[in-house]
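Asker: below: sequence and its predicted model.
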Amino acid sequence: MNLILWRHAEAEDTASSDLARQLTPRGRKQALTVAKWLRTRLEPDAVILVSPAARTVQTVEPLTDQYRVAKEIAPGASMQDVLEAAAWPDGIAPTVVIVGHQPTLGRVASFLVTGQETDWAIKKGGLWWLYKRERNGDDQVIVRAVISPDLA
């Protein structure tokens, strides 16, 4: 299973509510840059789950309009909430993209890579691509890519 963790791009600091915060012009550029990088690599059957926050929806829109809003991964979700939404490690699809928030996504990445839930930073608009495989009877998590909007 491929699990892609994509943090929303840069958003405004204030709005009528946290869920209403919009991307800044810089954030829109970040989202577009990472979407271009991801578009050529993503299988057509990938399932994309997006937090109900406006900034996550705006982050994924340059990639596709084929996504599902998942309240389970809203701001404040736990690492376990994200893993359950993606049905890790077997997956609801061969590739699941989670467009969400810090610190949750960093905690998911740290747990899957090291087995410890710690606060890893994922840059705004950044993406971690993890792959679960079986090797000699053991499950392994491979880091396939880590992309920052300024390097995509």
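Answerer: Perfect, I can see it now. Keep in mind that this is a model prediction, so the values were computed, not measured.

Asker: quick one, phi psi at residue 15?
Answerer: phi -160, psi -180 (degrees, to the nearest 10).

Asker: grab the nearest non-local neighbour of it.
Answerer: Nearest residue to residue 15, sequence neighbours excluded (Cβ to Cβ, 6 or more residues apart in numbering): residue 21, at 4.4 Å. In short, each C-beta sits where N, CA and C put it, glycine included.

Asker: could you report the pLDDT at that neighbour?
Answerer: Each residue has a pLDDT score; the one for residue 21 is 97.

Asker: residue contacts, it?
Answerer: Each residue near residue 21 by Cβ atoms under 8 Å, 6 or more residues apart in numbering is listed here: 11, 12, 13, 14, 15, 53, 54, 55.

Asker: among these, pick out the one closest to residue 85, please.
Answerer: residue 53 (14.6 Å; Cβ to Cβ).

Asker: from residue 4, how far off is the closest residue to residue 42 other than its chain neighbours?
Answerer: Spatial nearest neighbour of residue 42, chain neighbours left out: residue 95 (6.8 Å); criterion: Cβ to Cβ, 6+ apart. Residue 95 is 7 Å from residue 4, where distance means Cβ to Cβ, to the nearest Å.
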